[in-house]
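Trainee: quick one: sequence plus predicted model below, questions after.
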Amino acid sequence: MGSRISLRDDFDGGTLRRLAKQSSDANRMRRSLALASIYDGGKRLEAARIGGVTLQIVRDWVLRFNSEGSEGLVDRKPPGAVPKLTPEHRTALARIVEDGPIPAVHGVVRWRIKDLVVWLHEEFGLSVAESTVRGTLKDMGFVKLTARPRHHGQNEDALEAFKKRFPAELKALKARLGLRTPVEIWWQDEARVGQKTKITRQWAHKGTRHVAPKDRRTKSVWIFGAICPAAGLVVLRCNTAMMQLHLDEISAHVAPGAHAVLIMDRAEWHMTGKLQVPDNITILHLPPKAPELNPVENV
């Protein structure tokens, strides 16, 4: 054990007993009481009995107490193993996940955990488990989501042009209507919902092929929705007549005295000249094949 180490002189037994009484940490309390007995002239063996430990551990408590004061008697979380992925590795991993793989370079079209393990080894010479990579991604805020399909014929330049042109078109509309006319921004779309029966798995003898009835008819309805704040219809058809009903419904929800800019895609029933657009609505069409620009789809 070595030579006896004296306790620091800016504490005393009474002070440590008061700290023990105020603490809700049982381990801190017994350490404080053990050291208080030493301050009061007790032997180290008695302090070890009070703390329920060996003399060597009492010595460790004294060293920590002399170095850090009463905070040295608080339990500490073990440091654990040194992480294999440094902050630089984590930054590079986040960047490669966000950018996505280059098929010609990485040989995959989407990242899997095992692909990222291989990439870390090739890039940094690191050998890490799949669970380590998965946990690191979750710690950095990544989750596994289903990617949204993008139409192969989408024109990205047209999407950017629409975004840049939108403020100018809105400003021109306000100038035409007059500065005192409030303008509301509306987004419109339709969604088809329905149900078609399917055959589920059933228990049967191995090698047999049982049969079950299946209704191949589809029952569905169309939801016409618009937000700002909301105006919707549930109908059995999706055509010009139903679109006219929705325009009338939206018009009725526009604030009195205001004018609505209704943004929607280029579906046939949106573009037809047969629509009678209400006076308090101006229609603005999105670029072709660009559903990402329409937030009502999320609703």
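Mentor: Received it, and whenever you're ready, just let me know what you need.
Trainee: from here on, contacts and neighbour counts on C-alpha atoms
Mentor: Fine.
Trainee: residues of the longest helix anywhere in the chain that come out buried?
Mentor: Secondary structure of the chain per DSSP state H: the longest helix is helix 156-177. By neighbour count on 16 or more other CA atoms under 10 Å, the buried set for helix 156-177 is 159, 162, 173-174.
Trainee: and if you look at stretch 216-227?
Mentor: Using 16+ other CA under 10 Å as the test for burial, stretch 216-227 gives 222-227.
Trainee: possible to save these as CSV with pLDDT and secondary structure?
Mentor: Shown next, in CSV, are those (pLDDT from 0 to 100; DSSP: H, G, I helix; E, B strand; the rest coil):
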residue, pLDDT, secondary structure
W222, 93, strand
I223, 94, strand
F224, 95, strand
G225, 94, strand
A226, 94, strand
I227, 92, strand
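Trainee: which one of these is nearest to L245?
Mentor: The closest of these to L245 turns out to be F224 (CA to CA; 9.6 Å).
Trainee: count of residues packed around the nearest residue to the closest one once chain neighbours are set aside?
Mentor: Excluding the flanking residues, the one nearest F224 by CA to CA, 6 or more residues apart in numbering is E190, at 4.5 Å. By other CA atoms under 10 Å, the residues close to E190 number 20.
Trainee: was I right about E190 contacting V221?
Mentor: No. Shown here, E190 and V221 do not form a contact pair, counting by CA atoms under 8 Å, at 10.4 Å.
Trainee: a strand runs through G194, doesn't it?
Mentor: Yes. Under DSSP: H, G, I helix; E, B strand; the rest coil, G194 sits within a strand.
Trainee: distance of it from K84?
Mentor: Distance of G194 to K84, given as CA to CA, to the nearest Å: 50 Å.
Trainee: picking up where we left off before, output the longest helix of the chain as PDB, nothing but the C-alphas.
Mentor: C-alpha atoms of helix 156-177 as PDB (Å, rounded to 0.1, in the frame of the first residue of the first chain):
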ATOM      1  CA  GLU A 156     -34.300  19.100 -63.200                       C
ATOM      2  CA  ASP A 157     -33.600  22.400 -65.000                       C
ATOM      3  CA  ALA A 158     -37.400  23.000 -65.300                       C
ATOM      4  CA  LEU A 159     -37.800  22.300 -61.500                       C
ATOM      5  CA  GLU A 160     -35.100  24.900 -60.600                       C
ATOM      6  CA  ALA A 161     -36.500  27.400 -63.100                       C
ATOM      7  CA  PHE A 162     -40.000  27.100 -61.600                       C
ATOM      8  CA  LYS A 163     -38.600  27.700 -58.100                       C
ATOM      9  CA  LYS A 164     -36.700  30.800 -59.300                       C
ATOM     10  CA  ARG A 165     -39.600  32.100 -61.400                       C
ATOM     11  CA  PHE A 166     -42.300  31.700 -58.700                       C
ATOM     12  CA  PRO A 167     -41.500  34.800 -56.600                       C
ATOM     13  CA  ALA A 168     -41.600  37.000 -59.800                       C
ATOM     14  CA  GLU A 169     -44.900  35.500 -60.900                       C
ATOM     15  CA  LEU A 170     -46.400  36.000 -57.500                       C
ATOM     16  CA  LYS A 171     -45.200  39.600 -57.500                       C
ATOM     17  CA  ALA A 172     -46.700  40.200 -60.900                       C
ATOM     18  CA  LEU A 173     -50.000  38.800 -59.800                       C
ATOM     19  CA  LYS A 174     -50.100  41.000 -56.700                       C
ATOM     20  CA  ALA A 175     -49.400  44.100 -58.900                       C
ATOM     21  CA  ARG A 176     -52.300  43.100 -61.200                       C
ATOM     22  CA  LEU A 177     -54.700  42.600 -58.300                       C
END
